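Engineer: What follows is a protein structure lacking sequence information:
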């Protein structure tokens, strides 16, 4: 039985290595913090406000609230400098400051650019990302919108900012906090199946080596 002891020790070592590898962030350069989506970064908006799209309305963005109501569109923008080229998921979060939310469905559009300030040109801009049905208990992370595919398709080297245009197609009024929007990007982690496959290969190699040693 003694010849098997080194193999048992190696098996334990491989398991420890595999476990440590899985818990290690793949993107070491990312600032790691705990948030509602796991390990990742949370980016605060650099500018936000409401655009009044009608004849005779205010020609400039109103930065008192993040309001969407029919012809009034809510726009929020984030810097892309800290978004890694490889990431897991990306979520947009907004926080209501007035209840009830009269627009239960919000159409979300995504756009990119290099202007640090929102403007009237951001109205009806970008790509339609989908309709966001706000849950009854909406209050932030429990009602976040997945923007992973859109973020993944951005040329981060040529677009310093990413923005989102929020429109209520029904015309209902929703009011959100002006400086409370966040973009959360989770760090990528190794696939668990690949890790165990790698570990199994090492175990097989060690077992074969042990057999040769014993014989």
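Structural biologist: Now that the structure is in, tell me what you want to look at. In this text the structure is predicted, and so the values were computed from the model without any measurement. Numbers count the residues shown, from 1 in each chain.
Engineer: Show me how the protein divides into domains.
Structural biologist: Domains of the chain are assigned by automatic domain parsing as 1-25+191-215, 36-188.
Engineer: Check the ones you listed for me: which has the lowest mean pLDDT.
Structural biologist: With a mean of 46, domain 1-25+191-215 has the lowest mean pLDDT of the domains of the chain.
Engineer: The chain: helices as residue ranges?
Structural biologist: 5-23, 148-152, 192-214 (DSSP state H).
Engineer: just checking, which of the domains of the chain sits deepest inside the structure?
Structural biologist: domain 36-188 (a mean of 17; mean count of other CB atoms under 10 Å). To be clear about C-beta, it is placed using only N, CA and C from the backbone, and glycine gets the same treatment.
Engineer: In contact with the residue lying closest to residue 171 once chain neighbours are set aside, which residues are there?
Structural biologist: Nearest in space to residue 171, with sequence neighbours left out and distances taken as CB to CB, 6 or more residues apart in numbering, is residue 70 at 3.9 Å. Counting by CB atoms under 8 Å, 6 or more residues apart in numbering, residue 70 touches 168, 171-173.
Engineer: where along this structure do the strands fall?
Structural biologist: Counting by DSSP state E, the chain has strands at residues 33-35, 38-44, 47-52, 66-69, 72-79, 90-93, 105-113, 127-133, 145-146, 161-167, 173-176, 182-186.
Engineer: Mind putting the ones you listed into CSV with distance to residue 58?
Structural biologist: Conversion of these to CSV gives the following (distance: least, CB to CB, whole Å):
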stretch, distance to residue 58
strand 33-35, 35
strand 38-44, 25
strand 47-52, 5
strand 66-69, 12
strand 72-79, 10
strand 90-93, 25
strand 105-113, 21
strand 127-133, 25
strand 145-146, 27
strand 161-167, 17
strand 173-176, 17
strand 182-186, 26
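Engineer: looking at those strands, which is closest to residue 99?
Structural biologist: strand 173-176 (8.9 Å; CB to CB).
Engineer: got the contact list for the closest one?
Structural biologist: 65-70, 74, 94-98, 101-103, 106, 134, 166, 168.
Engineer: do stretch 97-111 as well
Structural biologist: Residues outside stretch 97-111 that contact it (CB under 8 Å, 6+ apart): 65, 68-69, 92, 122, 124-134, 138, 145, 147, 150, 162-177, 180.
Engineer: follow-up on the earlier one: which of the strands of the chain sits closest to residue 155?
Structural biologist: Of all the strands of the chain, strand 105-113 sits nearest to residue 155, with 8.0 Å by CB to CB.
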